[in-house]
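Peer 1: any chance you could fold what I've pasted below:
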Amino acid sequence: MGDQKTHFGFETVAEKDKARRVAGVFTSVAGNYDVMNDLMSLGLHRLWKHFTIQISGVREGERVLDVAGGTADLSLAFARKVGSSGQVWLTDINHAMLSRGRDRVTDQGHPLPVAQCDAEKLPFPDAWFDCVTVAFGLRNMTHKDCALAEMRRVLRPGGRLLVLEFSKVWKPLVPAYDFYSFKILPWMGERVAKDAESYRYLAESIRMHPDQETLKGMMEQVGLSRVEYFNLAGGVVALHRGYRI
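Peer 2: Numbering: from 1, shown residues only. Okay, here's the model as predicted:
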């Protein structure tokens, strides 16, 4: 088991080392994460997340789990949806990212429950949440199938899982997208965050992530039903939605 390999960007590493390497990336970028998100996406990430909130169908009084929630964009939006009678949990495996998210929700008047945890071993009971979301976090997980199975486990019957993630871009856009990803993105990382390597990893991790159809199949394999996806920005990003029936 200890010799099993996985991907860290384009690099092949031991499975046991990936979590540590990913943690190093997000600890490094945490301080500039929100600024870089706006720069990298030209602000489009806000529209993608808004679309996720709308598609989720979350209503007042429901329970929501935000996995790999980082600086809490989705958690804050869901907190406004569910109101005082609902509950939103903000979780992340990375302490630096979670600390920024915790401070942000508190500063904005929504002191949500927060948990530092591994998405592959969620510390929540079966069938507890009405909605589970993971935005731009699944591709960094070592065992994506295990994480998806855990997210399904904590969903109540009728609950839905939403996965917002970079995906396979429309073919005519590939040359421009590759140039941006491997030239412009690391340059911005160096200039703004003083860390070109972490943003080079982020670009590589997108290329190693399952495409739209493959991820749909993975969600179906862990027992989710009525799985569908919505391509955004020409497939730069895809939102997958599946239900626990």
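Peer 1: mind listing the helices for the chain?
Peer 2: Residue ranges of the helices in the chain, as given by DSSP state H, are 15-29, 33-41, 44-56, 73-82, 95-107, 144-153, 174-179, 185-188, 196-208, 212-221.
Peer 1: and the closest residue in space to Gly69 that isn't next to it in sequence, how many neighbours does it have?
Peer 2: Take Gly69 and drop its neighbours on the chain: the residue closest to it by C-beta to C-beta, 6 or more residues apart in numbering is Leu90, 4.5 Å away. (Glycine included, C-beta is placed from N, CA and C.) When neighbours are counted by other C-beta atoms under 10 Å, Leu90 registers 29.
Peer 1: which residues does Leu90 contact?
Peer 2: Residues in contact with Leu90, defined by C-beta atoms under 8 Å, 6 or more residues apart in numbering, are Asp66, Gly69, Ala72, Ser75, Leu98, Gly101, Arg102, Val105, Leu112, Pro113, Val114, Ala115.
Peer 1: confidence score at it?
Peer 2: At Leu90, the model reports a pLDDT of 98.
Peer 1: give me the low-pLDDT residue ranges for this protein?
Peer 2: 1-3 (pLDDT under 70).
Peer 1: ok, Arg46 to Leu155 distance?
Peer 2: 26 Å (C-beta to C-beta, to the nearest Å).
Peer 1: which one of the two is surrounded by more residues?
Peer 2: Legend: neighbour count by other C-beta under 10 Å for Arg46 and Leu155, higher for Leu155 (25 against 13).
Peer 1: for that one, give me its contacts.
Peer 2: Ala127, Phe129, Asp130, Cys131, Val132, Leu161, Arg244.
Peer 1: could you redo the last one with a cut-off of 6 Å?
Peer 2: Phe129, Val132, Arg244 (C-beta atoms under 6 Å, 6 or more residues apart in numbering).
Peer 1: please apply the same query to Gly242.
Peer 2: Contacts of Gly242 (C-beta under 6 Å, 6+ apart): Leu161, Met219, Leu224, Val227.
Peer 1: what do you get if the cut-off is 10 Å, keeping everything else the same?
Peer 2: With contact set as C-beta atoms under 10 Å, 6 or more residues apart in numbering, Gly242 has these partners: 148, 151-152, 155, 159-163, 215-216, 218-220, 222-229.
Peer 1: of the helices of the chain, which is nearest Lys121?
Peer 2: helix 144-153 (6.9 Å; C-beta to C-beta).
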